[in-house]
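Q: Give me the fold of what follows.
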Amino acid sequence: MSSGAKIRLYYAAEESPEKLPATPIWKTVRRVTDGLSENVSTEASNSVADGRFRQGGMATESEIQGSLEVEMAIGLFDDFWSAVAMNDWDNDALVFGGDVRKTFTLVKVYSDIGQIFIYRGVRIGEVSMSIATTGKITATFGMVGTTFERTMVNPVVNPKPVDDVVLVSALNVGDVKINDESIVGTACMQSLELSINNNLEAIRCIGSKKLSATTYLEKIVDITLNTQYMFSAQSANYIDLVKSRDTMPVEFSIEDSRGNAYAFEFPKLEVAEANHPDGGGEDTITLDVNFNHILVSPKITRIPATVGP
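A: Below you'll find the model as predicted:
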């Protein structure tokens, strides 16, 4: 019998898909869940022999994937943000929509029963981040891989422990600006859901002798910002932008209690949907506005805490 409290998840960057460097740097993942699994498809034989019994079947393909759910903390998941951006951090700035394909080996250890699950060639192709008026900020990273192995030999050596970081919540979100205008207390945002998806497609090749994908190719990157506001004179202006197709910048920051921060910049957002609000006499009226980011790269700037003298 196994307990979820005894699950450990580790990862190391690969030097090429499915291949670790001679001395990999293992890091511990702080996770809520990861959902990593190999989903195998099978086909049964339709042949008839000397009876009415099925003739058996065979495995025809597999999908290695999972969704890593985490509680956000500044700096803790920078490797994964970088993988989604397909770029390296450069002077604490990360630009999305790059061409750098990053792969990892992930090792899931069920420490109480001695089972080791190894996922190789893992790409992190998408992320979603949720912010509400109360509660923790959470994120989910979408993962796909090319090889799975179950073993009892743990390849992880001297893993780095999780950094001493603090969680962030809605109270850590700084001034939100849309079209260079603060919306705090006026348009009054109620929720924000950021989604970045590279739309990875599994590629299979005859002759590879693999059930799983040989590799993954990225398609057009979709970046969306789904938001909700209190209905006001300011937020009502967003309705007209569905027809005008005018673009606007959106900026917001998240700063933890130690002074570490991310600044998010979306230079060109256009309104994809803004349905007209309604409600009854006992309701507070809200407006849902969904944005698509187009044409140029959004950016995250990492701002370390200022160390005093």
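Q: Nearest residue to the middle of the chain?
A: Taking Cα atoms, centre = their mean as the criterion, residue 127 is the residue nearest the geometric centre of the chain, at 2.0 Å.
Q: who's in contact with that residue?
A: By Cβ atoms under 8 Å, 6 or more residues apart in numbering, residue 127 lies in contact with 80-81, 84, 139-142, 194-196. Bear in mind the C-beta positions are built from the backbone N, C-alpha and C, glycine included.
Q: Let me have the residues you listed in JSON lines, adding pLDDT and neighbour count as columns.
A: Conversion of those to JSON lines gives the following (pLDDT from 0 to 100; neighbours: other Cβ atoms under 10 Å):
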{"residue": "80", "pLDDT": "97", "neighbour count": "20"}
{"residue": "81", "pLDDT": "97", "neighbour count": "23"}
{"residue": "84", "pLDDT": "97", "neighbour count": "23"}
{"residue": "139", "pLDDT": "97", "neighbour count": "20"}
{"residue": "140", "pLDDT": "97", "neighbour count": "19"}
{"residue": "141", "pLDDT": "98", "neighbour count": "23"}
{"residue": "142", "pLDDT": "97", "neighbour count": "21"}
{"residue": "194", "pLDDT": "96", "neighbour count": "22"}
{"residue": "195", "pLDDT": "96", "neighbour count": "16"}
{"residue": "196", "pLDDT": "96", "neighbour count": "22"}
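Q: Closest one of those residues to residue 10?
A: In terms of Cβ to Cβ, no member of the contacts of residue 127 lies closer to residue 10 than residue 80, at 13.6 Å.
Q: right, and that closest one touches residue 123 too?
A: No - using Cβ atoms under 8 Å as the test, residue 80 is too far from residue 123 to be in contact (10.6 Å).
Q: show me what contacts residue 270?
A: Residue 270 is in contact with 241, 245-248, 291-292, 294, counting by Cβ under 8 Å, 6+ apart.
Q: What segments of the stretch 51-200 of the chain are strands?
A: Secondary structure of the stretch 51-200 of the chain (DSSP state E, counting those that start in this stretch): strands at 57-71, 93-95, 104-110, 115-132, 138-145, 147-151, 177-178, 181-182, 189-197.
Q: Whichever strand or helix holds residue 289: which residues count as buried?
A: In the assignment (DSSP states H and E), residue 289 maps to strand 286-293. Buried positions in strand 286-293, judged by neighbour count with 16 or more other Cβ atoms under 10 Å: 287, 289-291, 293.
Q: same thing with stretch 295-309?
A: 297-300, 302.
Q: Also stretch 1-21?
A: Within stretch 1-21, the residues scored as buried using 16+ other Cβ under 10 Å are 7-14, 17, 20.
Q: ok, which pair from those is furthest apart?
A: Every pair of those checked by Cβ to Cβ; the farthest is 7 and 17, at 25.4 Å.
Q: Now residue 86. Nearest residue, chain neighbours left out?
A: Once flanking residues are discounted, residue 86 sits nearest to residue 98: 4.0 Å by Cβ to Cβ, 6 or more residues apart in numbering.
Q: Can you tell me how far that neighbour is from residue 74?
A: 22 Å (Cβ to Cβ, to the nearest Å).
Q: Next up, the contacts around residue 28.
A: Counted by Cβ under 8 Å, 6+ apart, residue 28 has contacts 8-10, 159-162.
Q: now, which of those sits nearest residue 39?
A: So of those, ranked by how close each gets to residue 39 (Cβ to Cβ), first place is residue 9, at 18.8 Å.
Q: quick one, helices of the protein?
A: For the chain, applying DSSP state H gives helices covering 78-85, 233-244.
Q: can you list those in CSV and add distance to residue 55?
A: Listed next are those as CSV, based on distance: least, Cβ to Cβ, whole Å:
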stretch, distance to residue 55
helix 78-85, 44
helix 233-244, 57
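Q: Buried deepest among those, which one?
A: Greatest average neighbour count among the helices of the chain goes to helix 78-85 (a mean of 21), per mean count of other Cβ atoms under 10 Å.
Q: what does that helix rub up against?
A: Here helix 78-85 makes contact (Cβ under 8 Å, 6+ apart) with 11, 13, 27, 68, 88-89, 94-98, 102, 104, 123-127, 141, 196, 198, 300, 302.
Q: Roughly how far does residue 160 sit from residue 32?
A: 20 Å.
Q: pretty sure residue 134 is touching residue 170, no?
A: Yes - Residue 134 lies in contact with residue 170 (Cβ under 8 Å); the separation is 5.7 Å.
Q: Mind checking which of the two has more residues around it?
A: For residue 134 versus residue 170, neighbours defined as other Cβ atoms under 10 Å are more numerous around residue 170 (16 against 7).
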